[in-house]
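Engineer: here is the input, now give the coordinates:
(one chain, ligands or ions: 1)
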Amino acid sequence: MEEKIRTLLEQAKAELKSVANIQELADLKVKYLGKKSEFTALLKGLGELPVEQRPQMGNLVNAAKVEIEDLITDFENQMQAKELEEKLKKEKIDVTMPSNVQKIGSVHPITKIIDEVKDIFIGMGYKIADGPEIEKAEYNFDKLNTPKGHPARDLQDTFYITEDIVLRSQTSPVQARVMETEKPPIKIICPGTVYRSDSVDATHSPVFHQIEGLVIDKKVTMADLKGTLEMFAKKCLGENTKIRFRPHHFPFTEPSAEADVSCFVCGGKGCRVCKGEGWIELLGCGMVHPNVLRSCNIDPEEYSGFAFGFGVERIAMAKYGIDDMRLLFENDIRFLKQF
Ligand SMILES: [Zn+2]
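Structural biologist: Residues are numbered from 1 along each chain as shown. Sure, this is the predicted structure:
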C-alpha cells in the first residue's frame, strides 16, 4: 500500500507540472482529492488491513493528501497572480495617447454684458435687485404711471396671462417693488429678462434683456443722472466715450431723455456701426415721476430720484459688431465661441 501512495503522489506532481490553466487545475484537484479519487478509495480500504497497520497507513495517506493539496494551492496562487499581472498590463493607461479634450464653452455675450454692467455699478455703490418675470399688471403698469387705457398696455405689445398678470414688459416693476419695501436712499440696478409681443427680426425679439437703474435720495438731480451715465459709458465702452441727451417721453419719468453715446468704433466721425451718425442710441432715462414715487409711498416733496434703462442686446450688438439679434438666441456654438 505504501508503494501505491508513493506512486499516486509522484503521478500528481508530474501532472501538476503540465497544468495550463485554472480549469485544468480544478480537474486535477477533483481527480486526486475528490470523493471518487484514489486517495479516498485508499482511506476506505484501510478497514481491510490488519488493525495494527491501520494508523500508520492512515497517516501516510493523509500526509500525501495534504502534500498534494498544498502543491495545488501554491500553484493556484501563482496562476492568479500571473493572471492579475496580465490583466493590469492589458489595462495600463498609455499617457502618450491623444486624449479626448473636454470642450469648455464660453460665456454668452448677453451674460458677459450683464456681468460687466453689474461690476461697474457695484463699483459705484449700487445693489443688484431681482424680481418675478411673471408680474402683476399693477406693478408692470399702474405703479409706473401707466394707468388702464394707456397705449403701452395694449395687447399688441404685452403678453397677458390673465387680465391682471403679465409677462413683465420691462424690469421697472422691480424698481416699484424695491421702492415699496425699502426706505430711501435707494441705489439699485435690476438686470433681467423681459417679454414683448414683437415678431422676430434682425433687431426685435419677443424675449430680451434689460438693465434698469434707480436712485432715490434727497436732492437727486438731472446732473447726477448725467454724471452717472457718463461714468458708466466710459467704463463700459471706452474712456473717450461722450454722452448726449435728447428730450423724450416716458410715462414713469419727468423730464425724460434718451441718451446717445459717441460711436466707439469711429469716435464720432461716422461709420457703418453708427450708420454715419457718429452717435449710437444707448438708453432711456429721466427723473422719477412724482406719481410713481407717490404710488410707492415715497414723498416726492422730500425725495427725488432718477431712473434709466437699456436693452442688453443693443449694447452687445453695438459692442461686438453683431448685425442680427437672432444670432444671440440661436445657440450656434460657431457664433458663441467667438466671445
Ligand atoms: Zn461710428
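Engineer: burial of Glu67, as a residue count?
Structural biologist: A count of neighbours around Glu67, defined by other Cβ atoms under 10 Å, yields 13. Yep, even glycine has a C-beta here, placed from its N, CA and C like the rest.
Engineer: quick check: it is in a strand.
Structural biologist: No: under the criterion used here (DSSP: H, G, I helix; E, B strand; the rest coil), Glu67 is helix, not part of a strand.
Engineer: who touches it in this structure?
Structural biologist: Leu9 (Cβ atoms under 8 Å, 6 or more residues apart in numbering).
Engineer: next: the one 5 residues further on.
Structural biologist: When contacts are counted by Cβ under 8 Å, 6+ apart, Ile72 is found next to Leu16, Leu25, Leu28, Lys29, Leu33.
Engineer: sec struct for it, please.
Structural biologist: Per three-state DSSP, the local secondary structure of Ile72 is helix.
Engineer: which element, helix or strand, includes Gly213?
Structural biologist: Assigned by DSSP states H and E, Gly213 belongs to strand 207-217.
Engineer: and that strand, what does it pack onto?
Structural biologist: Strand 207-217 sits against helix 109-123, helix 172-181, strand 186-195, helix 222-237, strand 304-311, helix 312-320, with contacts defined as 3 or more Cβ pairs under 8 Å, 6 or more residues apart in numbering; DSSP states H and E.
Engineer: make a markdown table out of the ones you listed and add mean neighbour count and distance to Asp154.
Structural biologist: Formatted as a markdown table, these follow (neighbours: other Cβ atoms under 10 Å; distance: least, Cβ to Cβ, whole Å):
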| stretch | mean neighbour count | distance to Asp154 |
| --- | --- | --- |
| helix 109-123 | 17 | 27 |
| helix 172-181 | 22 | 17 |
| strand 186-195 | 21 | 14 |
| helix 222-237 | 18 | 29 |
| strand 304-311 | 23 | 19 |
| helix 312-320 | 21 | 22 |
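Engineer: out of those, flag the one nearest Pro98.
Structural biologist: helix 109-123 (31.8 Å; Cβ to Cβ).
Engineer: give the next helix or strand downstream of that closest one.
Structural biologist: Where DSSP H and E defines the elements, the next helix or strand beyond helix 109-123 is strand 127-128.
Engineer: show me what that next one is packed up against.
Structural biologist: Going by 3+ Cβ pairs under 8 Å, 6+ apart, strand 127-128 lies up against strand 186-195.
Engineer: which one of the helices and strands packed on strand 207-217 lies closest to Leu336?
Structural biologist: Taking the helices and strands packed on strand 207-217 one by one with Cβ to Cβ, helix 109-123 is closest: 7.6 Å.
Engineer: quick one: which of the contacts of Ile72 is the most crowded by neighbours?
Structural biologist: Counting neighbours by other Cβ under 10 Å, Leu28 comes out on top of the contacts of Ile72 with 20 neighbours.
Engineer: so which residues make contact with the helix or strand hosting that one?
Structural biologist: Assessed by DSSP H and E, Leu28 sits inside helix 22-33. Contacts of helix 22-33 with the rest of the structure, by Cβ under 8 Å, 6+ apart, involve 8, 12, 15-16, 19, 37-39, 65, 68-69, 72, 75-76, 79-80, 83.
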